[in-house]
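A.B. asks: Generate coordinates for the sequence data below:
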Amino acid sequence: MERAHYDIHVTGRVQGVRFRQGALEMSLSLGVNGHAMDLPDGSVRIVAEGQREALEHLLAWCRIGPPLALVKEVIVKEGPFQQYLHFHVQR
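C.D. replies: Residues are numbered from 1 along each chain as shown. Got it, this is the predicted structure:
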């Protein structure tokens with residue numbers, strides 16, 4: 001199976017709605033490593049590594065988000081593999 005690194009940028013109403021926590025829970029269930037963080041402009045950045053199929057499931061979740069989110073746009077870029085050991089939420 002192919003492993004990949006995704007840098008995901010999510011805009012809309014994505015802060016204060018448990019988006020990072022949802023990304024953490026989804027990533028743990030999929031075996032994806034990396035991190036999620038709020039950005040100063042009100043968006044969320046998720047850096048994720050794992051099996052491409054698992055990353056595609058995470059990406060599909062990002063397009064919807066948790067119940068209180070209103071996702072406007074999701075931009076994904078592939079990057080070099082960083083070998084993260086776990087997934088965490090950055091404060």
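A.B. asks: Could you check how far residue 62 is from residue 14?
C.D. replies: According to C-beta to C-beta, to the nearest Å, residue 62 and residue 14 sit 9 Å apart. C-beta: built from backbone N, CA, C; applies to glycine.
A.B. asks: counting contacts, what elements does the longest strand seen in the chain pack onto?
C.D. replies: Secondary structure of the chain per DSSP state E: the longest strand is strand 3-13. Strand 3-13 makes packing contacts with strand 44-51, helix 52-62, strand 70-78 when contacts are defined by 3 or more C-beta pairs under 8 Å, 6 or more residues apart in numbering; DSSP states H and E.
A.B. asks: Adding mean pLDDT, distance to residue 37 and mean neighbour count, write the ones you listed out as TSV.
C.D. replies: Output for the helices and strands packed on strand 3-13, formatted as TSV (pLDDT from 0 to 100; distance: least, C-beta to C-beta, whole Å; neighbours: other C-beta atoms under 10 Å):
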stretch	mean pLDDT	distance to residue 37	mean neighbour count
strand 44-51	98	5	22
helix 52-62	98	14	17
strand 70-78	98	15	13
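A.B. asks: Nearest the geometric middle of this structure, what residue?
C.D. replies: residue 46 (3.6 Å; C-alpha atoms, centre = their mean).
A.B. asks: ok, and the closest non-adjacent residue to that one?
C.D. replies: Spatially, and ignoring its direct neighbours in sequence, residue 46 is nearest to residue 8 (4.2 Å; C-beta to C-beta, 6 or more residues apart in numbering).
A.B. asks: The one you found contacts residue 60, doesn't it?
C.D. replies: No - with contacts counted by C-beta atoms under 8 Å, residue 8 stays clear of residue 60, the gap being 11.2 Å.
A.B. asks: buried ones in stretch 37-44?
C.D. replies: The neighbour-count check on stretch 37-44 (16 or more other C-beta atoms under 10 Å) flags 38, 43, 44 as buried.
A.B. asks: and residue 87, what does it touch?
C.D. replies: By C-beta atoms under 8 Å, 6 or more residues apart in numbering, residue 87 lies in contact with 23, 24, 27, 28, 32, 33, 34, 35, 36, 48.
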